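Colleague: Test case, fold it:
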Amino acid sequence: MILFITGTTGIAAATAERARAAKHEVFAAGLPETDLTDPEAAERAVSLCVERHGRIDALLNAAGASGRSRGDGPLHECSEEGWRFTLDVNLGCLFHVTRAVLRRMLEQVPGEDGIRGSILNMSSVLATSPEPRHFATHAYAAAKGAVDALTVSLAAFYAPFGIRVNAIAPGLVRTPMTRRAQADPAILEQMKTRQPLAGGLLQASDIAGAALFLLGPESGRITGQVLAVDGGWTVS
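Modeller: Next up, the predicted model:
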């Protein structure tokens, strides 16, 4: 499997490591080398992957960031910069890369199972299961809600072409993006009961296993799904 991954840390890095261990070819693009909010940079990265490997079998859209430091927060306090930055980095990157990848996948010869490619988007439990005390970042929730809607819409349109599209909605994961939460005793205490299966924060490797399943042939008849991998967040 030729796997294109956006992002180079956290869940992206954990998935890349697991994919390489399973003998898949991995092409990763993200900061600081590649700014995927730039459509031309996204196009160049996808073209380079195809030039090196001949095709793209799977795409993991894992690039994203918190906009809290830019002014994301409760909507009445959210700054213009916070709103635009958060949507651009969490939704714009996905749009630019997925558009470029889909154009290649549509030209690819399907495999024996009839599948041309698989796309997996990274959503968040905050899109549908908010936590207002510690995570009232409304631009981020809006961006991830859009990821959910786009995932289902893409899945419906591209299924006849043999292209699958799914999403994962993680809970709170121990990554560079969640350093603030990791340093907050109140959040750490809350996560013991909010994510009881993990007893606290999830690990990036917890998400990576589910990601490889949804990207690979074992899930070849699954599309249009948003899978919560959240340690129990949505039911606790």
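
Colleague: Number of residues surrounding the closest residue to Ala210 other than its chain neighbours?
Modeller: In this structure, Ala210 finds its nearest non-sequential neighbour in Val229, 4.9 Å apart by C-beta to C-beta, 6 or more residues apart in numbering. (Glycine included, C-beta is placed from N, CA and C.) Val229: 21 surrounding residues under other C-beta atoms under 10 Å.

Colleague: Likewise for Arg180?
Modeller: Count around Arg180 with other C-beta under 10 Å applied: 12.

Colleague: now do the one 4 residues further on
Modeller: Burial of Asp184 is recorded as 14 neighbouring residues (other C-beta under 10 Å).

Colleague: what's the answer for Glu218, then?
Modeller: So Glu218, with other C-beta under 10 Å, has 10 neighbours.

Colleague: How much space separates it from Gly209?
Modeller: Note on Glu218: its distance to Gly209, by C-beta to C-beta, to the nearest Å, is 12 Å.

Colleague: what do you get for Met1?
Modeller: On the measure of C-beta to C-beta, Met1 and Gly209 end up 15 Å apart.

Colleague: which of these two has more neighbours?
Modeller: Neighbour count, other C-beta under 10 Å: between Met1 and Gly209, Met1 has more, with 17 against 13.

Colleague: residue contacts, that one?
Modeller: 19, 24-25, 57-58, 215-217 (C-beta atoms under 8 Å, 6 or more residues apart in numbering).

Colleague: Could you do Ile163 as well?
Modeller: Counting by C-beta under 8 Å, 6+ apart, Ile163 has contacts 102, 105-106, 115-119.

Colleague: ChimeraX command for the buried members of the residues you listed?
Modeller: To isolate the buried members of those in ChimeraX, using 16 or more other C-beta atoms under 10 Å:
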select :102,105,115,116,117,118,119
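
Colleague: Quick check: of the contacts of Ile163, which lies closest to Ser205?
Modeller: Ser118 (20.3 Å; C-beta to C-beta).

Colleague: which element follows the lowest-mean-pLDDT helix or strand in the chain toward the C-terminus?
Modeller: Ranked by mean pLDDT, DSSP states H and E, the weakest helix or strand in the chain is helix 179-182, scoring a mean of 88. Beyond helix 179-182 on the C-terminal side, the first helix or strand identified by DSSP states H and E is helix 185-194.

Colleague: Mind giving me the packing neighbours of whichever helix or strand comes after that following helix?
Modeller: Counting by DSSP H and E, the next helix or strand C-terminal to helix 185-194 is strand 202-203. Contacts defined by 3 or more C-beta pairs under 8 Å, 6 or more residues apart in numbering; DSSP states H and E place strand 202-203 against strand 173-174.

Colleague: tell me the mean pLDDT over the strand it packs on?
Modeller: The pLDDT scores in strand 173-174 average 96.

Colleague: Only C-alpha atoms, please: export stretch 219-228 in CSV.
Modeller: Only the C-alpha atoms of stretch 219-228 are listed here, as CSV (Å, rounded to 0.1, in the frame of the first residue of the first chain):
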residue,chain,number,x,y,z
SER,A,219,-12.2,-2.6,5.6
GLY,A,220,-12.7,-2.6,1.8
ARG,A,221,-16.5,-2.6,2.1
ILE,A,222,-16.7,0.3,4.7
THR,A,223,-17.3,3.9,3.6
GLY,A,224,-19.0,7.0,4.9
GLN,A,225,-18.4,6.2,8.5
VAL,A,226,-17.1,8.4,11.3
LEU,A,227,-15.6,6.1,13.9
ALA,A,228,-15.1,7.4,17.5
